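# Fold the following for me, if possible:
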Amino acid sequence: MRWMKLRPWMLGLALPLLAFLGVSFKLGWRHFFVPGTTTDGHHLMEESCNSCHSPFAGVSNDRCSGCHRAELAGDTHPPALFDDPRWAADLEKMDVSSCATCHAEHHGAKKSVTVPRDFCFACHSDMAERASHRGFAPATCGNAGCHNYHDGSVLRQETLAAHQGEPDLLAAYGVPARVLPAVASRTKIETPDPPAGLAAPQDMVAAWRRSAHARAGVTCSSCHERSGRLVQQPAREVCRSCHGFEADTFLAGKHGLRTRLGLSALRPRDARLPMKAEAVAGPRHLDCATCHDPHSVDTRAAARQACLGCHDDRHSRSFASSPHARTAGPAADGRWGPRDVTCATCHLPRMKLGGAGGLRVAVNHNNSLTLSPPDRMAAMVCGFCHGLEFSLASLLDQALGENNFSGHPKGGLKSFIMLNSAAAPAAKGR
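A predicted model of the protein is given here:
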């Protein structure tokens, strides 16, 4: 038969193809095997199949929580909740005990939630019968800051009530201040001898002498010498020896995700957001020294210029003319002050940490943490300066976000409007 005569040709084509796919998989060129477009949150880890998939077992919840444990700390719908037999009938409609039900990959979705917007009604169909929700469409649960499936702490009625009536700009505002350790003054700083074989250009030495590293006694040998051996270009682990929290949180965000998974470090050309042509054309991979000059340790440049040196989307381009940019004041000991708003103020939030050395303020370098949902940024960042209603309404206004919050949000927030409506009858009855 004719098809039997084609067998040698088929084998001749199939064998090289199989060999190519096998070699590609072995060498880590696994983008050939991706069955469809991944979400914006996961596209950087496409080659790391085993990060999500267990061979012949699909995607388990443990794989998801391995990366998203911090975001799920206050989860209101944990998988264990649905072990209760009362939910058996609802799970037949939609198995929300599995992360992959709502967060399906390889379907070309830009956002992480891939179920229809009315998925809440699979379990909460009775909500339409409540007087407070009468007339609401099933697809509006997540609108206007009303509900967040995993962490509704900011949107709870008692939380909203506690922040009701707050002004757009709080009377006492500002993020937690960074405090430098008390060390020797600049006049006592002496230039140390660099390790043998290390060049020490005068401009680098001068930058170092003005830096926080110099004031803290961090010298050339502190970074360029390990176990008696010269290190020409110190890696992130050298930084981590002093900046453990910053290094670990960097690896938890999109900037450091590829490095954490053992893939090649992130480059501007890997991004889906628009990046500046010169950044895309450059060979540089993202690591500590990409944003932080290791000699001047200029955190002012790292918090603003470093970001805008790569990012070229409308939100980033609008920053320079935004009200936030106009908050910048004079340098305070080489650092931005608590009321100076930079890119890092919102996307790398400051946090108060306790420890053996006492309370300190550190910068969380997980650049993905406050991106979504918006109420997380409202709680972790905006609330230091703005009222909660103004913060949520601004973050939910897409046009306002694109122009970097140059203006005011349109209208009130639905959840606060409902809260006021519920309070009005009670006030009349007094």
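
# From here on, just use CA atoms for contacts and neighbour counts.
Noted.

# Find me whatever residue is spatially closest to the residue most central in space within the chain, sequence neighbours aside.
Central residue of the chain (C-alpha atoms, centre = their mean): Ser368, 0.8 Å from the mean position. Spatial nearest neighbour of Ser368, chain neighbours left out: Gly253 (5.0 Å); criterion: C-alpha to C-alpha, 6 or more residues apart in numbering.

# ok, so what distance separates the one you found from Asn366?
Taking C-alpha to C-alpha, to the nearest Å as the measure, Gly253 falls 4 Å from Asn366.

# Check Asp126 too.
Distance, Asp126 to Asn366, using C-alpha to C-alpha: 38 Å.

# So for the two, which residue has more residues nearby?
Using other C-alpha atoms under 10 Å as the criterion, Asp126 and Asn366 rank with Asn366 on top: 22 against 10.

# in the stretch 251-400 of the chain, which spans are strands?
For the stretch 251-400 of the chain, applying DSSP state E, counting those that start in this stretch gives strands covering 350-353, 360-363.

# residues in contact with the first one?
Residues from elsewhere that reach strand 350-353, judged by C-alpha atoms under 8 Å, 6 or more residues apart in numbering: 175-176, 359-364.

# can I get those in CSV with distance to Pro294, neighbour count and pLDDT?
Formatted as CSV, the contacts of strand 350-353 follow (distance: C-alpha to C-alpha, whole Å; neighbours: other C-alpha atoms under 10 Å; pLDDT from 0 to 100):
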residue, distance to Pro294, neighbour count, pLDDT
Val175, 25, 21, 93
Pro176, 24, 17, 92
Leu359, 26, 10, 81
Arg360, 22, 15, 86
Val361, 21, 14, 90
Ala362, 18, 19, 91
Val363, 17, 20, 94
Asn364, 19, 22, 95
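
# Closest to His386 out of the residues you listed?
Closest approach between the contacts of strand 350-353 and His386, by C-alpha to C-alpha: Val175, at 11.0 Å.

# quick one: the residue nearest to Cys220 when sequence neighbours are not counted from Pro201, how far?
Once flanking residues are discounted, Cys220 sits nearest to Pro194: 5.5 Å by C-alpha to C-alpha, 6+ apart. The gap separating Pro194 from Pro201 is 11 Å, by C-alpha to C-alpha.

# circling back to that earlier point, nearest to Thr37, out of the contacts of strand 350-353: which one, please.
Nearest member of these to Thr37, counting by C-alpha to C-alpha, is Asn364, at 29.6 Å.

# didn't the closest one look like it was pressed against Leu348?
Yes: Asn364 is in contact with Leu348 according to C-alpha atoms under 8 Å; the separation is 5.3 Å.

# where does this protein dip in pLDDT?
Scanning the chain for pLDDT under 70 picks out the ranges 1-33, 144, 180-191, 331-334, 356-357, 422-430.

# domains of it?
According to automatic domain parsing, the chain comprises the domains 38-125, 186-385.

# if you compare the ones you listed, which one is most tucked away?
domain 186-385 (a mean of 16; mean count of other C-alpha atoms under 10 Å).

# Which stretches in the stretch 201-350 of the chain count as helices?
With DSSP state H, counting those that start in this stretch as the criterion, the stretch 201-350 of the chain has helices at 202-209, 212-215, 220-224, 236-240, 244-252, 257-260, 277-281, 288-291, 299-303, 305-308, 314-317, 343-347.

# closest to Ala137 out of the ones you listed?
Closest approach to Ala137 among the helices of the stretch 201-350 of the chain (C-alpha to C-alpha): helix 314-317, 31.2 Å.

# And that closest one, how far out from the chain middle?
On the basis of C-alpha atoms, centre = their mean, to the nearest Å, helix 314-317 sits 17 Å off its chain's mean C-alpha point.

# Residues contacting that helix, please?
Counting by C-alpha under 8 Å, 6+ apart, 308, 311, 401-404 sit against helix 314-317.

# what do you get for stretch 275-284?
267-269, 290, 309-313.

# State the pair within those that is farthest apart.
Within the contacts of stretch 275-284, two members stand farthest from each other by C-alpha to C-alpha: Thr290 and Asp313, at 19.7 Å.

# thinking again about what came up before, mind checking the SS state of the residue nearest to Cys220?
Using DSSP: H, G, I helix; E, B strand; the rest coil, the secondary structure recorded for Pro194 is coil.

# so who does it touch?
200, 220-221.

# how much space is there between it and Ala289?
To Ala289, Pro194 is 19 Å away according to C-alpha to C-alpha.

# same question, Gln232
For Gln232, the distance to Ala289 - C-alpha to C-alpha - is 13 Å.

# again, but for Ser391
Ser391 is 33 Å from Ala289, by C-alpha to C-alpha.

# Which parts of the stretch 51-200 of the chain are strands?
Going by DSSP E, counting those that start in this stretch, the stretch 51-200 of the chain shows strands at 53-54, 58-59.

# What lies in contact with the first one?
Looking back up the chat, that one is strand 53-54. 59-60, 63.

# could you redo the last one with a cut-off of 7 Å?
Strand 53-54 is contacted from outside by Val59, using C-alpha atoms under 7 Å, 6 or more residues apart in numbering.

# dump the residue contacts of the nearest residue to Gly36 once chain neighbours are set aside.
Leaving aside its sequence neighbours, Gly36 sits nearest to His106 (C-alpha to C-alpha, 6+ apart; 4.1 Å). Contacts for His106 (C-alpha under 7 Å, 6+ apart) come out as 35-38.

# With secondary structure and distance to Arg240 added, can I get those residues in JSON lines?
Formatted as JSON lines, these follow (DSSP: H, G, I helix; E, B strand; the rest coil; distance: C-alpha to C-alpha, whole Å):
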{"residue": "Pro35", "secondary structure": "coil", "distance to Arg240": "37"}
{"residue": "Gly36", "secondary structure": "coil", "distance to Arg240": "37"}
{"residue": "Thr37", "secondary structure": "coil", "distance to Arg240": "34"}
{"residue": "Thr38", "secondary structure": "coil", "distance to Arg240": "31"}
